[in-house]
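1. Give the three-dimensional model of this entry:
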Amino acid sequence: MIRVLVVEDDPVVAEVHREYVQRIEGFTVTAVVHNGADALRCCEREDIDLVLLDFYLPDTHGLAVCRALRTRSRHVDVIAVTSARDLSLVKAAVSLGVVQYLLKPFTFGSLRDKLERYRQFRDSVGLAADQAEVDRALAGLRAPAQATLPKGMSGPTLTAIKAALAKHTEGLSAAATAEATGVARVTARRYLEYLADNGQATRVPRYGSVGRPEVWYVDARAGR
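-> As a prediction, this is how the structure comes out:
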C-alpha cells in the first residue's frame with residue numbers, strides 16, 4: 001500500500017483530493033495538512049511514500065518544502081498539484097525530484113492516471129537488465145498513458161453517449177440518453193457516471209412535481 005500525504009491549503013479542495021486518492025486501489029491517505037511546516041513535521045513522524053503537494057501554501061512555497069525534504073534526506077516522492085504554469089517552475093520542480101506535475105483544476109481520471117503510472121514505476125524498481133529497461137521505466141512514469149476504459153465499457157458506446165450529450169446542451173437523464181443512443185438505461189447511467197467522475201459531464205438535479213429529484217447530466221463543455 002502506498003502511503004500518501006495530501007498538502008493543500010484549501011480544506012475543501014484537500015478533502016476532494018483525499019477522497020480521490022482513497023478511491024484508487026493500492027493507495028491510502030495517511031494524513032492531510034494545510035501548510036508546509038505541518039507537511040515537513042508529518043514526513044518526520046509518519047512513514048510517507050508520496051506527497052501530493054500544492055505549491056502555493058500560506059507559510060511557504062512548495063519548492064521550499066521539496067528542498068527541505070531533500071536536505072533532511074527524507075526518501076519520499078512528490079507529485080506537484082498546483083495551478084502554477086510557469087515552465088521555469090516546472091524545471092525547478094524536476095531538479096528537486098518532483099516525479100509528476102499535475103495542473104489544477106484536474107479530474108479524478110487525470111489524478112488516477114498519474115498515480116497508477118507512479119505505482120507501476122515503483123513496482124518496476126529493481127536491477128535493470130539494460131539501458132532500454134531503464135528507459136522504459138522512466139517513459140512509463142513521464143509519458144501520457146493511453147486512456148483505458150473500465151472493464152465492460154466500450155469506446156464506441158462512450159463516443160455515442162458523449163455525442164448525445166454534446167447535441168443536447170440542456171442535458172439528458174439516463175432514460176433520455178438510453179433512448180437517444182439505443183442502449184439500456186442502466187448502461188446509459190454507468191457511462192454517464194463515468195463521464196461525470198472524469199470531469200467530462202456535470203450532474204444536475206432536476207426537480208419534478210413529486211418524488212426525489214432526477215439526476216441529469218450536462219456536457220462539461222456546454223456554455224464554454
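2. ok now the longest helix along the chain, how far from the chain's centre?
-> If you go by DSSP state H, the chain has its longest helix at helix 108-124. Relative to the centre of its chain, helix 108-124 is centred 9 Å away, using C-alpha atoms, centre = their mean, to the nearest Å.
3. Show me what the helix or strand containing L89 is packed against.
-> Here L89 sits within helix 87-95, counting by DSSP states H and E. When contacts are defined as 3 or more C-beta pairs under 8 Å, 6 or more residues apart in numbering; DSSP states H and E, helix 87-95 sits against helix 62-71, strand 98-103. C-beta here means a position set from N, CA and C on the backbone, and glycine is covered the same way.
4. who touches stretch 22-30?
-> 1-6, 18, 21, 42, 46-48, 50, 108, 111-112, 115-116, 119 (C-beta atoms under 8 Å, 6 or more residues apart in numbering).
5. Restricting to C-alpha, output it in CSV.
-> Only the C-alpha atoms of stretch 22-30 are listed here, as CSV (Å, rounded to 0.1, in the frame of the first residue of the first chain):
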residue,chain,number,x,y,z
GLN,A,22,-8.8,6.8,-1.4
ARG,A,23,-10.8,5.6,-4.5
ILE,A,24,-7.6,4.3,-6.2
GLU,A,25,-6.6,0.8,-5.4
GLY,A,26,-3.2,0.5,-3.8
PHE,A,27,-3.2,4.0,-2.2
THR,A,28,-4.2,5.2,1.2
VAL,A,29,-4.1,8.8,2.7
THR,A,30,-2.1,8.8,5.9
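6. Now that stretch: buried residues?
-> 24, 27, 29-30 (16 or more other C-beta atoms under 10 Å).
7. repeat for stretch 196-214
-> 196-197, 200-201.
8. one step back: going by mean pLDDT, which of the helices and strands packed on helix 87-95 comes out lowest?
-> Per-stretch mean pLDDT for those is lowest at strand 98-103 (a mean of 88).
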